[in-house]
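1. okay, predicted coordinates and the sequence, questions at the end:
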Amino acid sequence: GQQLNQSPQSMFIQEGEDVSMNCTSSSIFNTWLWYKQDPGEGPVLLIALYKAGELTSNGRLTAQFGITRKDSFLNISASIPSDVGIYFCAGQETSGSRLTFGEGTQLTVNP
Amino acid sequence: DGGITQSPKYLFRKEGQNVTLSCEQNLNHDAMYWYRQDPGQGLRLIYYSQIVNDFQKGDIAEGYSVSREKKESFPLTVTSAQKNPTAFYLCASSISHRTTNEKLFFGSGTQLSVL
């Protein structure tokens, strides 16, 4: 099936630093989603992207739908301790196709 | 409040036993899904259902069974045939499986462990 490569696998940063992570696919996607999962909880949708080149913000989070439609990026500015968790990307290749999830980026923020 | 409720939060299974994980949603969503998450790994699709009385196998369906008798409910049974059932199980729903801009909404998960 479709593979999503999400990187980095893990990040250890200091509070206040900015964070960037990305996902790439081997084929074109119509939709990119970014989720955050707190320990022991289900993923929560952060940002949804539907058009190539689209740039969408949610507070300190900004995500972009890559121009080639094969990648997406998530940036977190001025990180805080509650940003700790696993961030997943997910993509939908065509209408009606199942979502494919990346393997996640584990973020640790040191106070 | 609308949402997805999974129960129990923690479940223990004895060898040879079948256990059932509950998932209920009041979002009026047509599609429901079950995912398995192992430590440090992504989400793997077990089963999904696009409509009542219909469901399809996902990528790792062996050792699991589901039913979809009501729109609101999509229980997952982990059978004795599943030899490595210890994992975090996530239920999700979406408005419709046949939509262009699909968004999944997740429950809070069930941690299944083997005694």
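-> Noted; the coordinates are in hand.

2. for the closest residue in space to A:F29 that isn't next to it in sequence, which residues make a bridge with it?
-> Using Cβ to Cβ, 6 or more residues apart in numbering or on different chains and skipping residues adjacent in sequence, the residue nearest A:F29 is A:G91, 4.0 Å away. C-betas here are computed from N, CA, C, even on glycine. Assessed by DSSP bridges, A:G91 has beta-bridge partners A:W32, A:T100.

3. now do the strands in the chain.
-> Picked chain A for this. Assigned by DSSP state E, the strands in chain A fall at A:4-7, A:10-14, A:19-25, A:31-37, A:44-49, A:55-58, A:61-65, A:71-76, A:85-92, A:99-101, A:105-110.

4. if you could check chain B rather than the one you did, that'd help
-> Per DSSP E, chain B carries strands over the ranges B:4-7, B:10-13, B:19-25, B:31-37, B:43-51, B:54-57, B:64-66, B:76-78, B:87-94, B:105-106, B:110-114.

5. distance from stretch A:55-72 to the middle of the chain?
-> Per Cα atoms, centre = their mean, to the nearest Å, the displacement of stretch A:55-72 from the mean C-alpha position of its chain is 8 Å.

6. apologies, that question was intended for stretch B:102-115.
-> 7 Å.

7. roughly how far does the residue nearest to A:F29 sit from A:N5?
-> Distance from A:G91 to A:N5, counting by Cβ to Cβ, to the nearest Å: 11 Å.

8. when these two are compared, which one has more neighbours?
-> Ranked by neighbour count (other Cβ atoms under 10 Å in any protein chain shown), A:G91 and A:N5 place A:G91 first, with 27 against 13.

9. correct me, but the more buried one touches A:S26?
-> No: using Cβ atoms under 8 Å, A:G91 makes no contact with A:S26, being 11.0 Å away.

10. what's stretch A:60-79 in contact with?
-> A:13-30, A:32, A:34, A:46-47, A:49-57, A:83, A:87, A:89, A:91, A:107, A:109 (Cβ atoms under 8 Å, 6 or more residues apart in numbering or on different chains).

11. what do you get if the cut-off is 6 Å, keeping everything else the same?
-> Stretch A:60-79 is contacted by residues A:13, A:16-25, A:28-29, A:32, A:34, A:46-47, A:49, A:52-56, A:83, A:89, A:109 when judged by Cβ atoms under 6 Å, 6 or more residues apart in numbering or on different chains.

12. between the two ends of that stretch, what distance do you get?
-> 8 Å (Cα to Cα, to the nearest Å).

13. swap in stretch B:36-43?
-> Stretch B:36-43 has an end-to-end distance of 6 Å (Cα to Cα).

14. so which residues on chain A come close to chain B?
-> By Cβ under 6 Å from any Cβ of the partner chain, the residues of chain A that approach chain B are A:31, A:41-43, A:48, A:50, A:92, A:95-96, A:101, A:103-104.

15. try it again with 7 Å
-> A:1, A:30-31, A:33, A:40-43, A:45, A:48, A:50, A:88, A:92, A:95-96, A:98-99, A:101-104 (Cβ under 7 Å from any Cβ of the partner chain).

16. report the contact partners of A:Q6.
-> The neighbourhood of A:Q6, defined by Cβ atoms under 7 Å, 6 or more residues apart in numbering or on different chains, consists of A:23, A:89, A:102-105.
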